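Fold the following for me, if possible:
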Amino acid sequence: MEFYGKGNLWSLVEEERRNMHFTRSLSFSNDQNVTEPRESPFVSPKASSVSAASILLSPVSPETPWKLSPMHASATPSLLYHCLASLHRYEGNVFSIAISRDFIFTGSERSRIHTWRRPDCAEVGHIKASSPDVRAILAHGRILFTTHGDCKVRVWDVSVTEKFRPKKITTLPQSNSFFLLPKKSSNQHKDYISCLAYNHGEKLLYTGSWDKSVKVWNVSEKRCVDSFMAHEGHVNAIVINQQDGCVFTCSSDGAVKIWRRVYGESSHILTMTLKFQLSPVNALALSSSPSSCFLYSGSSDGLINFWEKEKTSGRFSHCGHLQGHHFAVLCLATIHELILSGSEDATVRVWRREEGNCFHSCLTVMDGHHGPVRCLAASLEIEGLLVYSASLDRSFKVWRVKLLTPEKPEMEELVEANDQQTQIEEFEISPVLSPSWVKKKIQANHFQ
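All right, here's what the predicted structure looks like:
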């Protein structure tokens, strides 16, 4: 396991008006005109509405595969959101993001899982695995689950210590012997593991794969307890309702399925299939509370379908869809009544569900990525909502979203103005996207 020096990723404040060279400390003000040093992997972002003291930067190893990308001013009012930091990778795309109470983890095409401390987002090191292609990451308490190109899951202990020293607990499935030739276990997936979900109460880990199957692992016993063919296409996402143990899966075959574990057994049965579109379903998210439960799915036609769980029957009834993205919806995240969606159109949208009904409104459209937004994560902080997004343009961004309060009319006017501007801009092709790629998408009727 290898670890490198710390590098400060967090940029909450504004830069000096005059030109300056990077030193070990940075001061910030309204305008930005900063010279980027060769040895530093970061460049400061555009102006932010938050003020803070100077931030000390530790030297960064030249092997650290991150560098700062320039920021772009947003047309959206700053009170709605602003980008705090933006990093660009020299090597490969970021495939996955996970958040624990203390850390942010990112997985990529490489075998390194980079780790950033919350809330200041200073890089504390990275975990060096023996296999690349970290397609999915899941954090629960002090445990981190990661999937790799060898179709296995690695389990890590990432307990908080004075120095970040994670330890590998096990690999699922376990190898038969160190002295025998490598042999695939019968419980091993036959293709990439694309998604993870964890049942907190039962301590069961669910893995979904491009081999169309779902496997269930007893983490404490380090063994596979169930395996079933879930779909006719790639399994793209899994979510679990922690209140009743229901398992939701989606696939490239266009279906969303609901599974239940047989009482007293390890096996699972299909209880319902939700299919309202022919397009592949790429992402799922669950918004659950004691009073309501909503399921969201993002598909390649750019729509976000959603279902509400009926209180009497317990069945999920289709309530409609959210429309706004130009191209495929690739990732979803929910926090309370907020829904975040990342898309192939290079934007992140923030939606809010009204309490007591199924009406949703789009609060803002966050643009800044130059390629499809591959993964999202979000957390509530004292100052508002922090959103982490990674794109296939090899960038990783941190955003702060200011939640608008309905008591302030002037804020409502700003939201209305922003929505009107968004409606106009929605029908324009973004100049950051490849013209040939956009043309191909238009011919494939992705705008419909």
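
who's in contact with the residue nearest the centre of the chain?
Note on the chain: the residue nearest the mean C-alpha position is Leu376, at 2.2 Å, using CA atoms, centre = their mean. Contact partners of Leu376, counting by CB atoms under 8 Å, 6 or more residues apart in numbering, are 97, 331-333, 340-342, 348, 387-389. C-betas here are computed from N, CA, C, even on glycine.

try it again with 7 Å
Counting by CB atoms under 7 Å, 6 or more residues apart in numbering, Leu376 touches 97, 331, 333, 340, 342, 348, 387-389.

could I get those as JSON lines with neighbour count, secondary structure and distance to Ser175?
Converted to JSON lines, the contacts of Leu376 look like this (neighbours: other CB atoms under 10 Å; DSSP: H, G, I helix; E, B strand; the rest coil; distance: CB to CB, whole Å):
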{"residue": "Ile97", "neighbour count": "22", "secondary structure": "strand", "distance to Ser175": "28"}
{"residue": "Cys331", "neighbour count": "25", "secondary structure": "strand", "distance to Ser175": "32"}
{"residue": "Ala333", "neighbour count": "25", "secondary structure": "strand", "distance to Ser175": "34"}
{"residue": "Leu340", "neighbour count": "24", "secondary structure": "strand", "distance to Ser175": "38"}
{"residue": "Gly342", "neighbour count": "30", "secondary structure": "strand", "distance to Ser175": "36"}
{"residue": "Val348", "neighbour count": "28", "secondary structure": "strand", "distance to Ser175": "40"}
{"residue": "Val387", "neighbour count": "25", "secondary structure": "strand", "distance to Ser175": "38"}
{"residue": "Tyr388", "neighbour count": "23", "secondary structure": "strand", "distance to Ser175": "33"}
{"residue": "Ser389", "neighbour count": "28", "secondary structure": "strand", "distance to Ser175": "36"}
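
ok, of the residues you listed, which one's closest to Asn218?
Ile97 (26.3 Å; CB to CB).

looking at it, that closest one is touching Val373, isn't it?
No - using CB atoms under 7 Å as the test, Ile97 is too far from Val373 to be in contact (10.9 Å).

what's the spacing between stretch 134-148 and its chain's center?
Stretch 134-148 sits 12 Å away from the centroid of its parent chain (CA atoms, centre = their mean, to the nearest Å).

mind checking the end-to-end distance for it?
5 Å (CA to CA, to the nearest Å).

Please identify the buried residues of it?
Neighbour counts using 16 or more other CB atoms under 10 Å place 134-139, 143-148 of stretch 134-148 among the buried residues.

Out of those, the closest to Ile104 would be?
Nearest to Ile104 among the buried residues of stretch 134-148: Ala139, at 9.0 Å, using CB to CB.

Paired strands for whichever helix or strand that closest one is part of, with orientation please.
If you go by DSSP states H and E, Ala139 is part of strand 137-140. Sheet pairing of strand 137-140 (DSSP bridges) gives strand 143-147 (antiparallel).

Alpha carbons only: can I get the strand it pairs with in PDB?
C-alpha atoms of strand 143-147 as PDB (Å, rounded to 0.1, in the frame of the first residue of the first chain):
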ATOM      1  CA  ILE A 143     -15.700   0.100   6.000                       C
ATOM      2  CA  LEU A 144     -15.000   0.800   2.400                       C
ATOM      3  CA  PHE A 145     -16.000  -1.600  -0.500                       C
ATOM      4  CA  THR A 146     -14.400  -1.200  -3.900                       C
ATOM      5  CA  THR A 147     -14.900  -3.200  -7.100                       C
END
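
Show me what it is in contact with.
105, 107, 113, 129, 134-138, 153-158, 193, 196, 205.

again, only this time at 6 Å
With contact meaning CB atoms under 6 Å, 6 or more residues apart in numbering, strand 143-147 is reached by 113, 134-138, 153-156, 158, 193, 196.

elements contacting the very next helix or strand once past it?
Following strand 143-147 in sequence order, the next helix or strand is strand 153-157 (DSSP H and E). Applying 3 or more CB pairs under 6 Å, 6 or more residues apart in numbering; DSSP states H and E, one finds that strand 153-157 contacts strand 143-147, strand 167-172.

tell me what the last one is packed against?
Of the remaining helices and strands, those touching strand 167-172 by 3+ CB pairs under 6 Å, 6+ apart are strand 153-157.

Pull out the buried residues from the strand it packs on.
For strand 153-157, using 16+ other CB under 10 Å, the buried residues are 153-156.

strand partners of that strand, parallel vs antiparallel please.
Applying DSSP bridges, one finds strand 153-157 paired with strand 143-147 (antiparallel), strand 167-172 (antiparallel).

Out of the ones you listed, which is closest to Asp393?
That would be strand 143-147 among those, by CB to CB, at 22.7 Å.

now that closest one: mean pLDDT?
Here strand 143-147 scores 97 as its mean pLDDT.

Could you do stretch 162-179 as well?
82.

With stretch 222-234 instead?
For stretch 222-234, the mean confidence score works out to 95.

what residues does it touch?
For stretch 222-234, contacts defined as CB under 6 Å, 6+ apart pick out 170, 187, 210, 212-218, 249, 251-253, 266-268.

and what of stretch 251-259?
Residues external to stretch 251-259 that are found in contact with it (CB under 6 Å, 6+ apart): 231-236, 246-250, 268, 270-275, 277-278, 280-281, 297.

Drop anything exposed from these.
Buried among the contacts of stretch 251-259 by 16+ other CB under 10 Å: 231, 233-236, 246-250, 268, 274, 277, 280-281, 297.

can you name the two of the residues you listed that are farthest apart?
So, the buried ones among the contacts of stretch 251-259 by CB to CB: farthest apart are His268 and Gln277, at 24.5 Å.

coming back round to it: reformat the contacts of strand 143-147 as CSV; add distance to Leu403.
Output for those, formatted as CSV (distance: CB to CB, whole Å):
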residue, distance to Leu403
Ile113, 31
Val134, 32
Arg135, 32
Ala136, 29
Ile137, 27
Leu138, 26
Val153, 36
Arg154, 36
Val155, 35
Trp156, 33
Val158, 30
Ile193, 35
Leu196, 29
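
Dump those residues to CSV, plus distance to Glu381 and pLDDT.
Putting the contacts of strand 143-147 into CSV (distance: CB to CB, whole Å; pLDDT from 0 to 100) gives the following:
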residue, distance to Glu381, pLDDT
Ile113, 23, 93
Val134, 26, 95
Arg135, 28, 95
Ala136, 25, 96
Ile137, 21, 97
Leu138, 21, 97
Val153, 30, 97
Arg154, 29, 97
Val155, 28, 97
Trp156, 25, 96
Val158, 20, 93
Ile193, 31, 97
Leu196, 25, 97
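
Closest one to Ser175 out of these, please.
Looking across those and measuring by CB to CB, the closest to Ser175 is Arg154, at 12.0 Å.

Name the residues linked to the closest one by a beta bridge.
According to DSSP bridges, beta-bridge pairing links Arg154 with Thr146, Thr171.
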